[in-house]
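Student: The following comprises the amino acid sequence and a computationally predicted model.
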Amino acid sequence: MNCPGSEQAAAYADGRLDAADSARYLEHCADCDACRRTLAILLQPRPESAVPPAMEARAIAALRRALDRDRPPRGFRRTSVPRSQKSPAGLLIAAALLVGLVGLVLTAKQPPVRVPESREIAQKRPSAPPAPELEPLPPPAAEAPRSEPAPAAEPLEPPKAMSPRPEEPRIEAPAEVIVREMPKVDEPRAPEPPKPMAHTVAARLLSEIQVTDIAGPISVHRKGAKAKERLLGVARLAEGDVLSTEKPACFQVEGRHPVVLAENTSVSMAYVPQEQAPWISIHSGEATVESTGSSRWVVTDGQVAVAVKPAKARFTASRKDSRLALAAHTETLYLQPDGGALHSIHAGEELQVGRGAADVRPVDASVASRRTATFEAARPRQRTVFYTSCDPADAKREHFFVKEGFFLRNDGLCSAELKDRTAAASIAPNPRFAWHDTYALRFRYMTNCRTLETQLRVDERRYTLVRPLPTDRKNAGQWISVEIPFALSGWPLFRRDDQGTTLVVTPEDKFDMIRFVVRQQDVYGDSKAYVLIDDIQVVEKE
Amino acid sequence: MDERQLVDRCIRGEAGAWELLVREFGPAVHDAARFTLRRVLGTAHDEDVENVYQGVLLGLCDKDAHRLKLFQARSTFKTWVTSVTARFTLNYIRTEKRKGSLKTLALDASAGELPDRDLFPGEVEERERVHRALEKIPSREKLILKLFYFDGLSYKAVAEILRVPVNSVSPLLIRAKESLRKHAEIP
């Protein structure tokens, strides 16, 4: 549908369209929900209220920075970033503290507070130490050519992270180098010092990432949430979510890359789809990653981004003194800071990037071996091969397809009644996973039947493995978690399509379907048979 | 300085002009953001309002004021920026919902959910029949039904949009419902 856009809606609302155009526009609104809703909002009378001064100040500061971004700023304007909720008592205490500390505040050098910006905005950060605070100059900013395609004119895309949350470390997108010379015509300035190599931050599409096999006290502060939540087992993280742990913890990224977080570490994770690369932003502490896949990693501290390729190696990254440090542990790492020069880091060496320089330094052998030993001791002992939380949002990711059943709200996958009065729910994993002795199938279920039959189907060889799971009456209607090992002892029954009585299972056999069946004759009471399934997971144990 | 001059100065990248624009038209952006969030979600958190508020203003300034240049003065700037904000907010809500950041249940959330065919088979068929019938009736009748029943607007608001007297809305609605009933074959 070709939307006439905001201009037409505004013109109609102001009565500046002629009769023919008005009729055409209303005709369009009958079919276009966005235009109809926009018009409804435009024509609703509402009293205009003032913008909170702090919000307005932050917006103006962000605009100034956006206008300024094409040249390295010589200082940052400080913007007050108040907390969203303040109690009167808190304000009184804060005021008292402020009076007591005013002398210190006046003499101390304030670190610049970053004004949050749209992710789409390329941002150049100085790699030199910040100069004394100056008012940022407001020149017209000519846009340098970008490799990113220009977005459609309308509608505007929503911002990714603009609400300032000073207590929360923020994600910065990884970087690319954009060198620009900006004339400064409207205000006289002192001669600029020679520019060191700058690390820049540019737009990059990041999408959610799945972390599995979480072990340790990891909590996540999701973007926009008021409180932290504890992560258990499996989680999906979006850009802006911050993982933090006070004690050592570990997890797997996308089922392939074990990550160990040291104590007091805080990171953000995301995924760079076009590069098939996991992305980790270190806010504080130290993270060690062992990548066993072919995809490279992007590591950043918000100011410097390093592409690690190939990533079949183990490295640590820590953020200290605004320097990103990456160390090779067992193999040579190839690192490319900000898409610039490629550095080879041999085992026992460390690359430190920051302050406009990239230095390779040897790492003390005892430190390296201690890091390796720590990683080995702390890394996850299992790997998730397949996982679904059985909800519609998960289904949209298409790593599985529902064959039978339907999503019941957010409670899981509910069985559908079949002609023979059995009820079944089944999914097809995508991609299929092969038979492996060390695998185990986990899920949780709720049923009103005595027995739940779990089936694994191999279409290619036309057989089904069957595992009946008895359910006590007292557990009927309750969630029950189970784990069935893939070892043949875990599957006492099988059915071959040709009615054969022997079966040989090989590691070549790939499972097309996981199916859960309950029968009407097994129901406790006289209700209809059902089974609800949630959190289906196939894990590989060491 | 009139608003066209102000917009031109902003397009030239004058920071002072941008500041003036924020002070002059920021309240319209802020109110439109808050109103749209409240209308769709039933509530408007300050954090979301600020995200939209900053997002709209930065979006206008971004890419050499590329989007601001789309303003052709076919309406007042205030109406235009309100319209831009409303669209931006609707997109914002959709994106944030997809990411799961917005936990508040939208008033129209049921429209986005998968129908539970096995639980309410009759209802799903009914809904589909109504939607099919909506496609067959004249667009003006379709619009009035959607404004009143889908968007929950009052007679006064519907009258405002259609530019008809308030007391004409009821007969128009009745006629639209009759038309729908005929096409949907509802007894």
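Tutor: Good, I have the coordinates.
Student: going forward, measure contacts and count neighbours with C-alpha atoms only.
Tutor: Fine.
Student: domain assignment for chain B?
Tutor: Per automatic domain parsing, the structural domains of chain B span B:3-99, B:114-184.
Student: Give me the most central residue, chain B.
Tutor: Note on chain B: the residue nearest the mean C-alpha position is B:Ala86, at 5.4 Å, using Cα atoms, centre = their mean.
Student: ignore the last one, chain A
Tutor: Nearest to the mean C-alpha position of chain A, counting by Cα atoms, centre = their mean, stands A:Ala238 at 2.6 Å.
Student: any chance you could map the helices in the chain?
Tutor: In the absence of a named chain, chain A is used. Ranges of helices in chain A, per DSSP state H, are A:5-13, A:19-31, A:33-42, A:53-68, A:88-107, A:365-378, A:392-395.
Student: Chain B, not that one
Tutor: Shown for chain B, the helices assigned by DSSP H span residues B:3-11, B:15-41, B:46-65, B:77-99, B:109-112, B:121-134, B:139-145, B:155-162, B:169-184.
Student: any weak-confidence spans in chain B?
Tutor: For chain B, the stretches with pLDDT under 70 are B:1, B:99-124, B:185-187.
Student: From chain B, how far out is A:Lys223?
Tutor: A:Lys223 sits 7 Å away from chain B when distances are taken as Cα to the nearest Cα, to the nearest Å.
Student: these two touch, right, that residue and A:Asp241?
Tutor: Yes: between A:Lys223 and A:Asp241 a contact is recorded at 5.1 Å, counting by Cα atoms under 8 Å.
Student: Need the nearest residue in space to the residue nearest to the centre of chain B, chain neighbours excluded.
Tutor: A:Thr38 (5.6 Å; Cα to Cα, 6 or more residues apart in numbering or on different chains).
Student: can you pull the contacts of that neighbour?
Tutor: A:Thr38 makes contact with A:9, B:83, B:86-87, according to Cα atoms under 8 Å, 6 or more residues apart in numbering or on different chains.
Student: ok so, going back, which of the helices of chain A is buried the deepest?
Tutor: Highest mean neighbour count of those: helix A:5-13, a mean of 23 (counted as mean count of other Cα atoms under 10 Å in any protein chain shown).
Student: average pLDDT across that helix?
Tutor: Taken as a whole, helix A:5-13 carries a mean pLDDT of 85.
Student: Can you tell me what sits against it?
Tutor: By Cα under 8 Å, 6+ apart, the residues outside helix A:5-13 that reach it are A:17, A:22, A:25, A:35, A:38-39, A:42-43, A:154-155, B:70-72, B:74-76, B:79-80, B:83-84, B:87, B:161.
Student: could you give the angle of it to helix B:155-162?
Tutor: Put simply, helix A:5-13 runs at 110 degrees to helix B:155-162, going by axes from the mean of the first three to the mean of the last three Cα atoms, to 10 degrees.
Student: now helix A:5-13, how far from the centre of its chain.
Tutor: 37 Å (Cα atoms, centre = their mean, to the nearest Å).
Student: before we move on, what about stretch A:212-219?
Tutor: With Cα atoms, centre = their mean as the basis, stretch A:212-219 stands 15 Å off its chain's centre.
Student: May I have the distance across it, first residue to last?
Tutor: Length of stretch A:212-219, first residue to last, Cα to Cα, to the nearest Å: 14 Å.
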